[in-house]
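Peer 1: what's the 3D shape of this:
(one chain, ligands or ions: 2)
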Amino acid sequence: MMWDRETWSSTFSSLIMMVCFSSCQRLIPEVLYYVARRFKRLINYFYQTMEIRFHEYPDGVSFIRNNAYADIEAYLGSKCRAQASLLKAELLNTTRSIVYTVDAGERIGDSLNGVKVRWESLTVAPQAKSQYAPPVNRFYSITFPVKHKNFVTDHYLKHVVEEGKAIRSKNRQRRLYSNIPSKNWWNYTSNLWSHVVFDHPATFETVAIDPKTKEEIMAELVRFTGGKDYYAKTGKAWKRGYLLYGPPGTGKSSLIAAIANFMGYDVYDIELTAVNDNTELRALLSNISSKSVVVIEDIDCSLNLTGQRSKKAKKDEDEDDDSESDEDTTVKAGEDKKSKVTLSGLLNFIDGLWSSTGGERIIIFTTNHKDKLDPALIRRGRMDRHIELSYCKFEAFKILTKNYLDIDSHDLFGRIGQLLEEVNMTPADVVEHLMPKSPAGDAQTSLESLIQALEIAKEAQKKKEEKKQGTKAAIPEQKKQLKKRSPTSKRTNL
Ligand SMILES: Nc1ncnc2c1ncn2[C@@H]1O[C@H](COP(=O)(O)OP(=O)(O)OP(=O)(O)O)[C@@H](O)[C@H]1O
Ligand SMILES: [Mg+2]
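Peer 2: Ligands and ions are numbered 1, 2, ... in the order given. Down below sits the predicted model:
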């Protein structure tokens, strides 16, 4: 039980009175009274408390929820299990874990840097009875010694809100957003995205990529998420750009899901071919929440942002040296029936608009053909890191066997390692063989099936190379024949 100012004062005063009136009548009552008052002041100094309330619906007449209330709820939820006698429990779909919150009337003690506070969950009747007002208004009340007022308001509450936010974002059911074709929009501010629950199982443990690259990406992401002050100081948009490139089935989409899961972010998958022009693109990008991964898959196919732009730019430069700036020479969608979105439009939004809206965002482009992309799109600073996802090598294979067969080693690993050095097989194809074909399928059968497939692929690769060599050998022979005939043709020309 916490002894507050009132309890101390009244107890002491009663004691003094008893002493005064019963056993010590000969002592001067004024002196005792004076001592009592002094003591009361001392007690007040140490025990005078202050209260701050955080209402769930601050105005009490509408459903506009107080974010601080939600953050405190999450924070106390993480503290309450040991202390509260009545808890509310909820099963989360995303993490499949049970989350606890403090029920009304419960008290929780907490401390930071030695300063003790007391939280209480309470309810009050709503100010107005209306169908648009909440039926009951809940609030959290924090009580603390008044001498720690500055510490609590400046540091402790900030700590509570930040921790609560982090817990909420971890527990939150995340979403996968897709842009709605603009012909179905009501206006440019709402209903631009449709969403489903994002429940992709990929994680950094399950994605088979070079372990060193994986470690580096994870370290970068951790640095990025804690870099708010750095980005604010340098005036850069709080964003990180990745370009994932490699053949189909090498894990680009899986890596995006792993990044989103690692960060606890929502995913916005932009289908650029459904965006008509830069105005629509601006509307879409302005309606992306903070803490999100924005994905543009197969950027080389989505838009005419790539090789054709360079060609057009070059052609324009040749025809008219000072005709247009680099950015304006993008291919306009009029020429490309797919969309009027331009490269400059896309880049402006990524670099400019987001810097002004704050919030952490990761943008990821994927392509099967990196060489086809315009350098302006993928230059460093815009795309911070280029990650190649390639054919399955032995290190990646071991991650796949751990995930799919739950084994770290096997007699057949040696042969498979050798074949993977000689043959190009994507992780997606390897996975096909690792998945058991029947309920009784074992590791041996899966690995043998993989070896068989690798040997067939090796044979096919060999034949292809031989054919290529044959064609190469035939070309010089053809050239020789042509040279023999050339003097005649020269004469004819003359
Ligand atoms: N590196 C990998 N690690 C783990 N699984 C992988 C990897 N690459 C592919 N797979 C498996 O293959 C399937 C297809 O992979 P994914 O969709 O990530 O490839 P992608 O590179 O995005 O292909 P595309 O270029 O066709 O979009 C995944 O569902 C996963 O099971
Ligand atoms: Mg993909």
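Peer 1: show me where the stretch 201-350 of the chain has its strands.
Peer 2: For the stretch 201-350 of the chain, the strands defined by DSSP state E, counting those that start in this stretch cover 239-245, 266-269, 292-296.
Peer 1: partners of the first one in the sheet?
Peer 2: In other words, strand 239-245. strand 361-367 (parallel), strand 385-388 (parallel) (DSSP bridges).
Peer 1: with adjacent residues omitted, what lies nearest to the residue of the stretch 101-250 of the chain found nearest ligand 2?
Peer 2: Residue nearest to ligand 2 within the stretch 101-250 of the chain (Cβ to the ion): P248, separated by 7.3 Å. C-beta: built from backbone N, CA, C; applies to glycine. Counting by Cβ to Cβ, 6 or more residues apart in numbering, P248 lies nearest to N368, which is 6.0 Å off, once chain neighbours are set aside.
Peer 1: what's the spacing between K228 and ligand 1?
Peer 2: K228 sits 31 Å away from ligand 1, going by Cβ to the nearest ligand atom, to the nearest Å.
Peer 1: which helix or strand in this structure has the lowest average pLDDT?
Peer 2: Ranked by mean pLDDT, DSSP states H and E, the weakest helix or strand in the chain is helix 307-319, scoring a mean of 41.
Peer 1: quick one: what helix or strand has the nearest residue to D110 once chain neighbours are set aside in it?
Peer 2: Distances taken as Cβ to Cβ, 6+ apart place V117 nearest to D110, at 5.5 Å, with adjacent residues excluded. According to DSSP states H and E, V117 maps onto strand 115-124.
Peer 1: so how far is stretch 416-434 off the chain centroid?
Peer 2: Centre-to-centre, stretch 416-434 and its host chain are 31 Å apart (Cα atoms, centre = their mean, to the nearest Å).
Peer 1: which parts of that stretch are buried?
Peer 2: Neighbour counts over stretch 416-434 (16 or more other Cβ atoms under 10 Å) mark 416, 419-420, 423, 425-427, 429-434 as buried.
Peer 1: quick check: end-to-end length of it?
Peer 2: Start-to-end span of stretch 416-434 (Cα to Cα, to the nearest Å) is 12 Å.
Peer 1: got a list of contacts for that stretch?
Peer 2: In this structure, residues lying in contact with stretch 416-434 by Cβ atoms under 8 Å, 6 or more residues apart in numbering are 208, 247-251, 391-394, 396-397, 400-401, 404-405, 446-447, 449-451, 453-455, 457-458, 461.
Peer 1: among those, which ones lie close to ligand 1?
Peer 2: Checking these against ligand 1 by Cβ under 6 Å from any ligand atom, the ones in range are 208, 248-251.
Peer 1: of the residues you listed, just the buried ones, ChimeraX syntax please.
Peer 2: A single ChimeraX command selects the buried members of these (16+ other Cβ under 10 Å):
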select :208,249,250,251
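Peer 1: which two in the ones next to ligand 1 among the contacts of stretch 416-434 are spaced the farthest apart?
Peer 2: Spatially, the most separated pair among those is A208 and P248, at 15.5 Å (Cβ to Cβ).
Peer 1: how about the stretch 51-200 of the chain: which residue is closest to ligand 1?
Peer 2: H200 (9.2 Å; Cβ to the nearest ligand atom).
Peer 1: now swap in the chain and tell me
Peer 2: Closest point on the chain to ligand 1, by Cβ to the nearest ligand atom, is G251, at 2.6 Å.
Peer 1: T213 is in contact with that residue, correct?
Peer 2: No. With contact taken as Cβ atoms under 8 Å, G251 and T213 are classed as non-touching, separated by 11.5 Å.
Peer 1: how is S194 assigned, secondary-structure-wise?
Peer 2: Each residue gets one of three states, and S194 gets strand by DSSP: H, G, I helix; E, B strand; the rest coil.
Peer 1: contacts only, for it.
Peer 2: Contacts of S194 (Cβ under 8 Å, 6+ apart): 177-178, 180.
Peer 1: can you count the residues close to S85?
Peer 2: 9 (other Cβ atoms under 10 Å).
Peer 1: which residues touch it?
Peer 2: Taking Cβ under 8 Å, 6+ apart as the criterion, S85 is in contact with E106.
Peer 1: for F54, helix, strand, or coil?
Peer 2: Secondary structure of F54, per three-state DSSP, is strand.
Peer 1: what do you get for K88?
Peer 2: strand.
Peer 1: who in the stretch 101-250 of the chain is up against ligand 2?
Peer 2: Residues of the stretch 101-250 of the chain lying close to ligand 2 by Cβ under 5 Å from the ion: none are found.
Peer 1: give me the low-pLDDT residue ranges for the stretch 101-250 of the chain?
Peer 2: In the predicted model, the stretch 101-250 of the chain carries pLDDT under 70 at residues 126-135, 189.
Peer 1: circling back: buried ones from the contacts of stretch 416-434, can you make that a PyMOL selection?
Peer 2: Remark: buried members of the contacts of stretch 416-434, expressed as a PyMOL selection using 16+ other Cβ under 10 Å:
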select buried, resi 208+249+250+251+391+392+393+396+397+400+401+404+405+446+447+449+450+453+454+457
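Peer 1: residues in contact with D298?
Peer 2: If you count contacts by Cβ under 8 Å, 6+ apart, D298 has them with 366-368.
Peer 1: try it again with 10 Å
Peer 2: Applying Cβ atoms under 10 Å, 6 or more residues apart in numbering, we find D298 in contact with 248, 252, 271-273, 365-369.
Peer 1: which residues of this structure lie near ligand 1?
Peer 2: 206-209, 248-254, 368, 389, 427-428, 431.
Peer 1: check these and tell me the two furthest apart.
Peer 2: Every pair of the residues of the chain next to ligand 1 checked by Cβ to Cβ; the farthest is T206 and N368, at 22.1 Å.
Peer 1: of the two, which one has the most company?
Peer 2: Between T206 and N368, counted using other Cβ under 10 Å, the more crowded position is T206 (17 against 14).
Peer 1: tell me how far that one lies from L255.
Peer 2: To L255, T206 is 10 Å away according to Cβ to Cβ, to the nearest Å.
Peer 1: and if you look at D374?
Peer 2: 23 Å.
Peer 1: where in the stretch 301-450 of the chain is pLDDT low?
Peer 2: 303-339, 353-358, 437-441.
Peer 1: model confidence for the closest residue to ligand 2 within the stretch 251-400 of the chain, exactly?
Peer 2: Closest approach between the stretch 251-400 of the chain and ligand 2, counting by Cβ to the ion: S253, at 3.3 Å. pLDDT for S253: 95.
Peer 1: what's the neighbour count on it?
Peer 2: S253, neighbours per other Cβ under 10 Å, totals 19.
Peer 1: contacting residues for it?
Peer 2: S253 neighbours (Cβ under 10 Å, 6+ apart): 200, 202, 244, 269, 295, 297, 364, 366, 389.
Peer 1: list the residues that contact both of G251 and T213?
Peer 2: By Cβ under 10 Å, 6+ apart, the residues touching both G251 and T213 are 387, 389.
Peer 1: just the ones of the buried residues of stretch 416-434 in helices?
Peer 2: 416, 419-420, 427, 429-434 (DSSP state H).
Peer 1: from the residues you listed, pick the one nearest D154.
Peer 2: Using Cβ to Cβ, P427 comes nearest to D154 of those, at 51.0 Å.
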